[in-house]
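*Asks:* Please work out how this folds:
(one chain, ligands or ions: 1)
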Amino acid sequence: MNNLFDMTKKELQTFLVAQGMKKFRADQIFHYVYKENIFSWDEMVLLPKKDRQLLKDVLPIHFPEIVSRLDASDGQTVKLLLQLADGETVETVLMMHDYGNSICVSSQVGCAVNCAFCASAKNGFVRNLSAGEMVAQLLAFRKYVMPELHSIVIMGTGEPLLNYDNVIRFMKLIHDKDTLYLGYRNMTLSTSGIVPKMYDLAKEGMPITLAVSLHAPNDALRRRIMPIAEKYPLEAVLQAARHYFDVTGRKVTFEYILIKGLTCTNACAKELARLLGGQNILVNAIPINDNYDVGLYRPDEKTMNEFVTYLQRHGVPVTLRREMGSKIQAACGQLRIKREKI
Ligand code: SF4
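*Replies:* The predicted structure is shown next:
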């Protein structure tokens, strides 16, 4: 099925000409979509009526519908559950920071990686999202919530490097000056550590930020909370991250989840400092949301602060993530799961 949001302007031109339409109509269509947030052929009134009628048949626009919307009480986070053309749903989150608006994009429906702390994985993997379905998540926010967009993080539901080709195409599409013209430096891709694809990404010539979900300072603990660690051990993940930095010059961020009594302990702080101290990297420490289903809980403030302070004193650049949206079930997948339970 053709999807308008999957197309570059050039591809749309070729498509229109093949349908007997004028090439320049692609300029008008892209202007409507990417400048005016218009996503209905009927509203594209500069197009001849017969073209609009034909386009409705050959290129129907499947703009995602909002199934639910949650606004955090801090006024800085909005979460949308969007329905796709086949009825599947995906979550997308807008975070309003001092430095601009960032959207957390989902790359798959469900996820096969099955991290213990993640709601997205609970019902397994359903399917990959197309590049256009990822573009549409951004367009939905521009239309319904906030027209200005400064950065994206591919950190929602799914493992982006297991949907490699579509995710690369998505980033290239939104980088294009005919669409959203977003700089690669304003894009972050978060992976659980799919090592071969991390090497592929380094070759793409796209200076995006790579974020790696480390979450534990040794293989034994990492395997307990991230089954993917069986396949890709810590040292291989760290080596691939170093390679990414060497090739792209982009500092890698390591995500580290703080779980009471498990990953947020003195022993873990020491091990993590030995592993990452003195390196040109960043660590993003993220307190888990209490998860009663799997018995994983958020540490108290004092323990988290001590953990972070220890790392800082031992040469690890680390920030404790300012939480946004925990009150609106911002952990990936929670909204979708909630809907399935209804
Ligand atoms: S944390 Fe990410 S990679 Fe892990 S199961 Fe959830 S969506 Fe998949």
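*Asks:* Kindly report the residues of the chain close to the ligand.
*Replies:* Taking C-beta under 6 Å from any ligand atom as the test, the list of the chain residues beside the ligand reads C111, V113, N114, C115, C118, S120, A121, T157, G158, E159, S192, C332. All C-beta atoms are positioned from the backbone trio N, CA, C, and that covers glycine.
*Asks:* Now the third one: closest residue in space that isn't a chain neighbour?
*Replies:* So that's N114. What sits nearest to N114 in space, not counting adjacent residues and going by C-beta to C-beta, 6 or more residues apart in numbering, is A121, at 4.3 Å.
*Asks:* I figured that neighbour hits C115, correct?
*Replies:* Yes: checked against C-beta atoms under 8 Å, the pair A121 and C115 is within contact range at 6.1 Å.
*Asks:* what bits of the chain have low per-residue confidence?
*Replies:* Counting by pLDDT under 70, the chain has low-confidence residues at 1, 322-342.
*Asks:* Okay, domains of it per the record?
*Replies:* For the chain, whose domains are defined here by automatic domain parsing, the residue ranges read 4-58, 65-341.
*Asks:* Dump those domains to JSON lines, plus mean neighbour count.
*Replies:* Supplementary listing: the domains of the chain in JSON lines, determined by neighbours: other C-beta atoms under 10 Å:
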{"stretch": "domain 4-58", "mean neighbour count": "16"}
{"stretch": "domain 65-341", "mean neighbour count": "18"}
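*Asks:* Any chance of JSON lines for the residues of the chain next to the ligand, columns secondary structure?
*Replies:* As requested, the residues of the chain next to the ligand are arranged in JSON lines below (DSSP: H, G, I helix; E, B strand; the rest coil):
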{"residue": "C111", "secondary structure": "coil"}
{"residue": "V113", "secondary structure": "coil"}
{"residue": "N114", "secondary structure": "coil"}
{"residue": "C115", "secondary structure": "coil"}
{"residue": "C118", "secondary structure": "coil"}
{"residue": "S120", "secondary structure": "helix"}
{"residue": "A121", "secondary structure": "helix"}
{"residue": "T157", "secondary structure": "coil"}
{"residue": "G158", "secondary structure": "coil"}
{"residue": "E159", "secondary structure": "coil"}
{"residue": "S192", "secondary structure": "coil"}
{"residue": "C332", "secondary structure": "coil"}
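*Asks:* wait, which of those is closest to R169?
*Replies:* When those are compared for distance to R169 (C-beta to C-beta), G158 comes out closest, at 14.9 Å.
*Asks:* quick revisit: I'd like the residues of the chain next to the ligand laid out as a markdown table, including distance to A18.
*Replies:* Output for the residues of the chain next to the ligand, formatted as a markdown table (distance: C-beta to C-beta, whole Å):
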| residue | distance to A18 |
| --- | --- |
| C111 | 37 |
| V113 | 40 |
| N114 | 43 |
| C115 | 44 |
| C118 | 43 |
| S120 | 39 |
| A121 | 41 |
| T157 | 35 |
| G158 | 33 |
| E159 | 36 |
| S192 | 41 |
| C332 | 39 |
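*Asks:* Out of those residues, flag the one nearest to T265.
*Replies:* Distances from those to T265 were compared by C-beta to C-beta; the smallest belongs to C115, at 19.1 Å.
*Asks:* Might you report the residue contacts of that closest one?
*Replies:* A121, S192, S213, H215, I225, M226, P227, I228 (C-beta atoms under 8 Å, 6 or more residues apart in numbering).
*Asks:* ok, which pair from those residues is furthest apart?
*Replies:* The distance between the two most remote of the contacts of C115 (C-beta to C-beta) is 13.8 Å, for A121 and H215.
*Asks:* Please report how far the closest residue to G277 other than its chain neighbours lies from the ligand.
*Replies:* Distances taken as C-beta to C-beta, 6+ apart place G315 nearest to G277, at 4.0 Å, with adjacent residues excluded. If you measure G315 against the ligand using C-beta to the nearest ligand atom, to the nearest Å, the figure is 28 Å.
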